[in-house]
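Trainee: Give me a 3D structure for the following:
(chains A and B)
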Amino acid sequence: MDILSLFVIIPFLTITGILFLKDEKKVQLVSAFGMGIQLIMAGILIFLYLSARHAGNTDEMLFMKDFVWFKSLNIHYAVGVDGISVAMIGLTSLVVFAGIFASWEVEFLRKEFFISLILLASGVFGFFISIDLFTMFLFYELAVIPMYLLIGIWGSGPKEYSAMKLTLMLMGGSALLLLGILGIYFNSAPDGGQYTYNILEISKITIPIEAQRFFFPMTFVGFGVLGALFPFHTWSPDGHASAPTAVSMLHAGVLMKLGGYGAFRVAIFLMPEAAQELSWIFIILTSISVVYGAFGAVVQKDLKYINAYSSVSHCGLVLFAVLMMNQTALNGAVIQMISHGLMTALFFALIGMIYGRTHTRMIDQMGGLMKVIPFLSVAYVIAGLASLGLPGLSGFVAEMTVFVGAFQHIDTFHRVATIVVVSSIVITAVYILRVVAILLLGPTKDPHYEHLPDAKWYEKLSVVTLIASVAAIGMAPLWLSTMIGKSLHPIVEKIIAISPF
Amino acid sequence: MSSETFILMRHELLLTAAALLVLIAEIFTDPRKGRGGISILSIIVYSIVTLAGFIPSGDGSLFGGMYITDGTRLLMKNILNIGVLLVLIQSVDWLKKEENSGRLSEYIILVLSTIIGMNFMISAGHFLMFYIGLELATIPITALAAFERYRNKSAEGGIKLIFSSALSSGILLYGLSIFYGTTGTLYFSEVSSLFRGENLQILGFIFFLAGMAFKISLVPFHLWAADVYEGAPVNITSYLSVVSKGAAVFILIIILFTVFPVIIDVWQKTIYVIAVLTMTIGNLFAIRQQNLKRFLAFSSISQAGYILLGFISGNELGMATVIYYILVYVFSNLGAFGVVTAISNAAGKENMDDYNGLYQTNPKLSLAMTLSLFSLAGIPPVAGFFGKFFLFTAAAQEGFYILVLIAVLNTIISLYFYLLVVKAMFMNKNETPIVKFRSTFSTKLALGLCIAGIVVTGFASSLFEMIRNLSFGV
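Mentor: Numbers count the residues shown, from 1 in each chain, chains lettered A, B, ... in the order given. Down below sits the predicted model:
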């Protein structure tokens, strides 16, 4: 048994455990136990990965395993990780772990809730370890479909509408993606020979440019829908607002990263020529995502909507950085994925906890929470500061790297786009500080809120895990960016080989 | 008759023997004591027939080439047998009802005759044999559709089916007569070598294709399907939409690939249009359906549209994916129909609104339904995902990317209405939900087999490889 497959097997074992559990009350414990092991495994994986690299292993992917699945179509179950996927796995296990604790109080159909949640997580893990496009796609869809039930059953507000909208839009994205994958597959052997779904093998050949021009937009938009690419982002605010806490965390924290990760691991890595040619279209779209998302967050009154729009903005930044296609920007893109994953999960966890106490998410109905629930409020401020890019927290490292990378392009178009995108920092500061001021400071508006209980142990555990990670990346970003940077070399080399800037 | 002949024709002969056995058993049972034993007997006999079908045997032809059998055809027959077996198991409860129990053996014999007809049709090596098989498969089904003759809708369904089948058979026969007129023979092998693609021959081919499109209920020849499906008893509806449709798909792909490779350009274009229309119209009409039988009828129309993507490729991957998809479709659609049957038997309800809140009262049935619908929609990890993916792969291999795009966009529409049912079961509130009931053994058995099939056929790659080895292209 290889270590990577364990990341899919452990969730399935956990699900089986929950299924056969007699006592409904212990469901969270079993889930937390399973996902705790998963977190430890992620730690071990990072350690093993770093020590293998330290020992001088320079393979593109490590811990590779390859099983032939559908022989005649050359479909394999192939896994392997580089620094980027290791980092994403670490992020996922952290967010899932925190998510379990944040949904400790789910009462209604508890078993089903945790099963769907862990099923979603297993899809995400499977996606990050796959290096075969078929299995990658399979896991991608596996991650999307439990969202429908999770939002539709346990959500709030117009949950059925939001769940349907989200599922259909994401599946629409995956429809384009399917076409893109088939296109890559049937162009993976231009000199004859067997077609392949293996990313590493495809990256060695050059897909004919005519095919790239057709399939790059398909693949990029397919992943872009999940990465909240304007104008395909509209599922995101509704979906996030209706989803239960843990689902929002997982979704904004991890699932949206599938989009960014796939966009460069599949779309750009495998079809760099078309990416160069067509990137201007998507740079414009992502710039709109970044700025529009930020402005959207300014005018919202619902905490979840604010954060959902902020996610659109931040995930837009990920795609923007990916499209810059140089070492620094790509490095920033990955760090931004991790940083945003952690802090948005933190945000949604906190919003869920505040909502659980005040039963409203409208900021103008609340106020002065700092005095009442100091732990949660301070945590909220920290999350906000990370989001607006305060040095010392992860957001700063990520955004700084992205902007520096983007500014390395010397032509006017890229410069202008970068400047437009940089302006979003200011807007971000506006909506973060506005929420902090209205929500946490000032007088308590409603007498009912004067005696709210502060965080319980499981909530604290969830919050502290995430804050610690955010701060750790902010304080010591170098090991992470080195790990990612080294893995980016082959990708960047492939891009530079086409057109050196 | 030599033993070799027996082995080559074992499907048809065993089925005939089974039908006779049921008839004899009826004579020896006392109608006053009930004839439940006969349905058990028929299921046991049918399981034996199904198992016997898997005995490997060589290729061969009989009756001077009228009857052909080879690995591919055996596989197709076996897949149909599995479908019929599941339908028979699902029918047990319905046959126990007072109004049906008196005519139990009639039902079984009619079902067996249709499957005998389908087997002959698939094994045909001559257009007349094919036509006889087709009629033997169709006429008993019309009787089955009108089985609940005390219900107007059932009788109406039977009449509609017989009229539309008669019309489609007429059109098909016209096509066959043109083949005969232009080539002087009706043997598949000879027609294929004499076929030149002249205009008259193409006219005949279009008639032939239209006749087959009636049987598979492809747009624009689909209008009979919804009414008949709604009117017929649930078991017959599932039989029609799975086994009957599957058999017609099988023989059509064999004939297209072996008899008409010369005019592949013609039928690729025709099928392109039919596929787009079938998927889109089937899906769009399914959205508005409230009656689950009608809903599944339109869903199965659109499923036929996806299956055409395997046809259009004209290569052996296409044929493999079509056979594989039918196998997956047998399990998925019968899974969905199994739930509808169980609920219809227990509560007499067939509307989508009645399913509101089903998960609260009958969680296992809801889960079975959800898995089946996900498989129909093509959601991993169930088999439908693999089936659809491979169908699209087959079409993409020949460069039909736009068609694949239309198809995947259609799967999104279909996902919408499949999720409507899921939503009804899991999310909608209902003051008078279907009461909790214990499923009977036969329901559990049939659903269990379907779910196992849905899960296993996807992951078991060896199954697909086996099918692929038996397939052939143009």
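Trainee: Give me the below-cutoff pLDDT ranges for the stretch 101-250 of chain A.
Mentor: Counting by pLDDT under 70, the stretch 101-250 of chain A contains no low-confidence range.
Trainee: need the residues of chain B near chain A, please.
Mentor: Contact residues (C-beta under 8 Å from any C-beta of the partner chain) of chain B with chain A: B:317, B:374, B:379-381, B:385, B:389-390, B:392-393, B:396-397, B:401, B:404-405, B:408-409, B:411-412, B:415-416, B:419, B:422-423, B:426-427, B:461, B:464-465, B:468. Heads up, the C-betas are built off the backbone N, CA and C, glycines and all.
Trainee: List buried members of these by neighbour count.
Mentor: B:317, B:374, B:379-381, B:385, B:389-390, B:392-393, B:396-397, B:401, B:404-405, B:408-409, B:411-412, B:415-416, B:419, B:422-423, B:426-427, B:461, B:464, B:468 (16 or more other C-beta atoms under 10 Å in any protein chain shown).
Trainee: among those, which are in helices?
Mentor: B:317, B:374, B:385, B:389-390, B:392-393, B:396-397, B:401, B:404-405, B:408-409, B:411-412, B:415-416, B:419, B:422-423, B:426, B:461, B:464, B:468 (DSSP state H).
Trainee: so what secondary structure elements neighbour the helix or strand harbouring residue B:255?
Mentor: According to DSSP states H and E, residue B:255 maps onto helix B:245-258. Helices and strands touching helix B:245-258, as assessed by 3 or more C-beta pairs under 8 Å, 6 or more residues apart in numbering or on different chains; DSSP states H and E, comprise helix B:71-96, helix B:104-122, helix B:127-145, helix B:188-194, helix B:199-216, helix B:292-313, helix B:316-347.
Trainee: could you list every residue that touches residue B:220?
Mentor: Counting by C-beta atoms under 8 Å, 6 or more residues apart in numbering or on different chains, residue B:220 makes contact with residue B:277.
Trainee: Phi and psi next, for it.
Mentor: Dihedral pair for residue B:220: phi -100, psi 30, per degrees, to the nearest 10.
Trainee: Please report how far it lies from chain A.
Mentor: Residue B:220 sits 26 Å away from chain A, going by C-beta to the nearest C-beta, to the nearest Å.
Trainee: Determine the number of other residues adjacent to the residue in the stretch 51-200 of chain A that chain B sits nearest to.
Mentor: At 3.7 Å from chain B, residue A:175 is the closest residue in the stretch 51-200 of chain A, using C-beta to the nearest C-beta. The tally of other residues near residue A:175 (other C-beta atoms under 10 Å in any protein chain shown) stands at 23.
Trainee: State whether it is indeed within a strand.
Mentor: No: if the criterion is DSSP: H, G, I helix; E, B strand; the rest coil, then residue A:175 is helix and not within a strand.
Trainee: State the distance from it to residue A:182.
Mentor: Distance of residue A:175 to residue A:182, given as C-beta to C-beta, to the nearest Å: 11 Å.
Trainee: Give me the three-state assignment for residue A:453.
Mentor: coil.
Trainee: thought it was touching residue A:357?
Mentor: Yes: here residue A:453 reaches residue A:357: they are 7.0 Å apart, a contact under C-beta atoms under 8 Å.
Trainee: residues shared between the contacts of the two?
Mentor: Contacts common to residue A:453 and residue A:357, judged by C-beta under 8 Å, 6+ apart, are residue A:373.
Trainee: Compute the first-to-last residue distance for stretch B:144-152.
Mentor: 14 Å (C-alpha to C-alpha, to the nearest Å).
Trainee: buried sites along that stretch?
Mentor: Buried, per 16+ other C-beta under 10 Å, within stretch B:144-152: B:144, B:145, B:146, B:147, B:148.
Trainee: Tell me if the helix or strand where residue A:285 lies is near chain B.
Mentor: Assessed by DSSP H and E, residue A:285 sits inside helix A:272-299. No: using C-beta under 8 Å from any C-beta, helix A:272-299 stays clear of chain B, coming no nearer than 15.3 Å.
Trainee: distance between that helix and the chain's centre?
Mentor: With C-alpha atoms, centre = their mean, to the nearest Å as the basis, helix A:272-299 stands 17 Å off its chain's centre.
Trainee: Return the set of buried residues in that helix.
Mentor: A:272-279, A:282-283, A:285-294, A:296-298.
Trainee: where exactly do the strands run in the stretch 1-150 of chain A?
Mentor: A:62-70, A:75-81 (DSSP state E, counting those that start in this stretch).
Trainee: In TSV: the ones you listed, plus mean neighbour count.
Mentor: Formatted as TSV, the strands of the stretch 1-150 of chain A follow (neighbours: other C-beta atoms under 10 Å in any protein chain shown):
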stretch	mean neighbour count
strand A:62-70	16
strand A:75-81	24
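Trainee: where does the stretch 301-450 of chain A dip in pLDDT?
Mentor: Using pLDDT under 70, nothing in the stretch 301-450 of chain A is flagged.
Trainee: Poorly predicted segments of the stretch 1-150 of chain B, please.
Mentor: B:1, B:31, B:33-35.
Trainee: if you set the cut-off to 90 instead, what comes out?
Mentor: Scanning the stretch 1-150 of chain B with the threshold set as pLDDT under 90 gives B:1-15, B:18-19, B:21-46, B:48-74, B:90-108, B:125, B:144-150.
Trainee: tell me the contacts of whichever residue of chain B sits closest to chain A?
Mentor: Among the residues of chain B, residue B:408 lies closest to chain A, at 3.7 Å counting by C-beta to the nearest C-beta. Listed by C-beta under 8 Å, 6+ apart, the contact set of residue B:408 reads A:175, A:176, A:178, A:179, B:392.
Trainee: So of these, which two are at opposite extremes in space?
Mentor: Largest separation among those by C-beta to C-beta: A:176 and B:392, giving 12.5 Å.
Trainee: and residue B:236, what helix or strand is that in?
Mentor: helix B:234-239.
Trainee: Quick check: which helices or strands does that helix pack against?
Mentor: In terms of contacts (3+ C-beta pairs under 8 Å, 6+ apart), helix B:234-239 is packed against helix B:71-96, helix B:127-145, helix B:223-231, helix B:292-313, helix B:316-347.
Trainee: Could you list the residues of the stretch 201-350 of chain A in contact with chain B?
Mentor: Counting by C-beta under 8 Å from any C-beta, the residues of the stretch 201-350 of chain A near chain B are residue A:214.
Trainee: ranges for the helices of the stretch 201-350 of chain A?
Mentor: Assignment of helices within the stretch 201-350 of chain A using DSSP state H, counting those that start in this stretch yields the ranges A:209-226, A:235-242, A:245-250, A:256-262, A:269-270, A:272-299, A:303-324, A:327-358.
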